[in-house]
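In: Have a look at this fold, sequence not included:
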């Protein structure tokens with residue numbers, strides 16, 4: 001499966017946390033910023049991308065608990081393309097998505 005096809009598959013089969021987050025940011029609902037989801041960048045597919053802010057938001061589920069080296073490499077590659085990477089645990093989305101959005105606002109200076 002090509003990366004673009006896989007990204008399309010991921011958009012159709014998003015996690016619960018991704019769905020909740022997407023509802024808050026889609027259609028310029030968050031700070032009037034345009035986000036795209038499941039965007040191929042280099043050899044990875046970034047969860048959420050805001051090109052105007054050069055920002056990637058990565059939602060991390062339990063599978064990331066034991067993959068710190070992989071996540072570090074992934075972050076480094078995404079940063080090498082000029083993006084800032086904001087990592088959020090799925091549990092934080094479930095616990096208080098508005099707190100996550102407030103943290104994101106601080107990061108982008110709004």
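Out: Arrived safely, thanks for sending. The structure presented is a predicted model; accordingly, all values stated were derived computationally and were not measured.

In: just so I have it, where are all the helices in the protein?
Out: For the chain, applying DSSP state H gives helices covering 3-12, 16-25, 68-80, 90-108.

In: weakest of these in terms of mean pLDDT?
Out: Lowest mean pLDDT within these: helix 3-12, at a mean of 66.

In: Make JSON lines out of the helices of the chain and add distance to residue 56 and mean neighbour count.
Out: Any C-beta I mention is one placed from the backbone N, CA and C, and that applies to glycine too. What follows is those, written out as JSON lines (distance: least, Cβ to Cβ, whole Å; neighbours: other Cβ atoms under 10 Å):
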{"stretch": "helix 3-12", "distance to residue 56": "14", "mean neighbour count": "13"}
{"stretch": "helix 16-25", "distance to residue 56": "13", "mean neighbour count": "17"}
{"stretch": "helix 68-80", "distance to residue 56": "6", "mean neighbour count": "13"}
{"stretch": "helix 90-108", "distance to residue 56": "11", "mean neighbour count": "14"}
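
In: which one of the ones you listed lies closest to residue 45?
Out: Minimum separation from residue 45 across the helices of the chain (Cβ to Cβ) falls at helix 3-12, 5.1 Å.

In: re the thing from before, now render the helices of the chain as TSV, adding distance to residue 36.
Out: Below are these laid out as TSV (distance: least, Cβ to Cβ, whole Å):
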stretch	distance to residue 36
helix 3-12	10
helix 16-25	10
helix 68-80	14
helix 90-108	16
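
In: what's the offset of stretch 67-81 from the middle of its chain?
Out: 13 Å (Cα atoms, centre = their mean, to the nearest Å).

In: which outside residues touch it?
Out: 41, 42, 43, 44, 46, 56, 58, 60, 64, 85, 87 (Cβ atoms under 8 Å, 6 or more residues apart in numbering).
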